[in-house]
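Asks: got a predicted structure plus its sequence, pasted below:
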Amino acid sequence: MTGQPGDAGADRRRFLAPPRGQVDPACFRHPLFAQYAGHRALLTASAWPGIDTLNAALPLPGRRFAAQDAALLADGLHYETRIATQGLIATRSENWHDLFNALVWARHPAIKSALNARQCLHIATMGPRRRNRAQQALTQFDECGVIVRVADPALLPLWDGHRWADLFAAQAARWRDGGIAVAAVVGHALMEQALLPGRLLVGRAVVVQGRDDAACVARVAEAIAAGEILDDPLELRPLPLAGVPGWHPRQDAAFHGQADYFRPLRAGRRYPPPLREV
């Protein structure tokens, strides 16, 4: 998931989403989509929302969605540069990936703006055709990112050691009482893949120690903007989302024992400490 919207090379590598008419609207009741419930009509209506509909439903100060057509691309600008300099978010018609991207822009504009600003900083240094590890980290978070809030720091060693059954099953109550929680899903590629229920998705997580979801999300936006995080993809913690209590219909011992999904910790792998809620 390393390409930007409109990158044809990336499209060939991406998950192929099902046609709109073949998507069961019930999939949008999954917890992964909880923060986007207010705009569920954009996802479940029989017809695709057009650009004017998106701009009316998802107003963004200083930004707007623009149809990605030949006229738009004639400016020759990089996708990220166009957003920064013209406020135009290139959006393909009848495209799940870009529709979910629009929803994330509306729900988390500070995070998306910070990601865009950092990408543009690196583009200015590297040029439009080369990518460094920081750009890879920014893109991975943009495509597959989740923000996890941890109120109880005693849970982190379980995650650090990939002790998945302990983190998810033995500590299931902490996922329900707020000891640990998915504070935000920002990865639009994750949402696209969730169109097929039952897929075993892995989020790329930034962790914040705190008790308030909104404050933790704001802290991540601040940290991205300041260049405190996302300098390398290895900063991102893998989170097998199907293990989160209530996020998959089967969560028994045999399920948590699937080592090809709940992968053991690689030798030498270390994760950064969490950010702290301000």
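Replies: Now that the structure is in, tell me what you want to look at.
Asks: which residues of the chain score low on pLDDT?
Replies: Counting by pLDDT under 70, the chain shows low-confidence ranges at 1-14.
Asks: so residue 149 sits in a helix?
Replies: No: in this structure, residue 149 is strand, not part of a helix, as judged by DSSP: H, G, I helix; E, B strand; the rest coil.
Asks: ok, it touching residue 180?
Replies: Yes: counting by C-beta atoms under 8 Å, residue 149 touches residue 180, with 7.1 Å between them. Using the backbone N, CA and C atoms, a C-beta is placed for each residue, glycine as well.
Asks: identify the contacts common to the two.
Replies: Common contact partners of residue 149 and residue 180 (C-beta atoms under 8 Å, 6 or more residues apart in numbering): none.
Asks: show me where this protein has its strands.
Replies: Secondary structure of the chain (DSSP state E): strands at 64-67, 88-91, 145-150, 180-185, 202-209, 237-240, 275-276.
Asks: reformat those strands as JSON lines; add mean neighbour count and distance to residue 31.
Replies: What follows is the strands of the chain, written out as JSON lines (neighbours: other C-beta atoms under 10 Å; distance: least, C-beta to C-beta, whole Å):
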{"stretch": "strand 64-67", "mean neighbour count": "18", "distance to residue 31": "26"}
{"stretch": "strand 88-91", "mean neighbour count": "22", "distance to residue 31": "26"}
{"stretch": "strand 145-150", "mean neighbour count": "25", "distance to residue 31": "11"}
{"stretch": "strand 180-185", "mean neighbour count": "23", "distance to residue 31": "8"}
{"stretch": "strand 202-209", "mean neighbour count": "23", "distance to residue 31": "12"}
{"stretch": "strand 237-240", "mean neighbour count": "20", "distance to residue 31": "13"}
{"stretch": "strand 275-276", "mean neighbour count": "14", "distance to residue 31": "23"}
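Asks: can you lay out those strands as a markdown table showing distance to residue 165?
Replies: Listed next are the strands of the chain as a markdown table, based on distance: least, C-beta to C-beta, whole Å:
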| stretch | distance to residue 165 |
| --- | --- |
| strand 64-67 | 43 |
| strand 88-91 | 41 |
| strand 145-150 | 18 |
| strand 180-185 | 15 |
| strand 202-209 | 16 |
| strand 237-240 | 11 |
| strand 275-276 | 26 |
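Asks: looking at those, spot the one closest to residue 27.
Replies: strand 180-185 (13.9 Å; C-beta to C-beta).
Asks: the closest one packs against which elements?
Replies: strand 145-150, strand 202-209, helix 213-225 (3 or more C-beta pairs under 8 Å, 6 or more residues apart in numbering; DSSP states H and E).
Asks: 7 Å instead?
Replies: strand 145-150, helix 213-225 (3 or more C-beta pairs under 7 Å, 6 or more residues apart in numbering; DSSP states H and E).
Asks: sheet-wise, list the partners of that strand with their directions.
Replies: Using DSSP bridges, the strands paired with strand 180-185 in its sheet are strand 145-150 (antiparallel).
Asks: how distant is the partner strand from the center of its chain?
Replies: 10 Å (C-alpha atoms, centre = their mean, to the nearest Å).
Asks: swap in stretch 183-199?
Replies: So, by C-alpha atoms, centre = their mean, the centroid of stretch 183-199 is 8 Å from its chain's centroid.
Asks: give me the contacts around it.
Replies: Residues from elsewhere that reach stretch 183-199, judged by C-beta atoms under 7 Å, 6 or more residues apart in numbering: 1, 15, 17-18, 23, 27, 30, 32-33, 35, 96-97, 100-101, 104, 108, 111, 143-149, 201, 203, 213, 216-217.
Asks: got a ChimeraX select line for the buried ones in these?
Replies: Restricted to buried positions by 16 or more other C-beta atoms under 10 Å, the ChimeraX selection for the contacts of stretch 183-199 reads:
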select :1,17,23,27,32,33,35,96,97,100,101,104,108,111,143,144,145,146,147,148,149,201,203,213,216,217
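Asks: to residue 271, which of the helices and strands packed on strand 180-185 lies closest?
Replies: Of all the helices and strands packed on strand 180-185, strand 145-150 comes closest under C-beta to C-beta, at 11.6 Å.
Asks: state the number of residues packed around residue 121.
Replies: Neighbour count of residue 121, defined by other C-beta atoms under 10 Å: 16.
Asks: name the residues that touch stretch 51-69?
Replies: Contacts to stretch 51-69, defined as C-beta under 7 Å, 6+ apart, come from residues 6, 39, 42, 72, 83, 87-93, 102, 105-106, 109.
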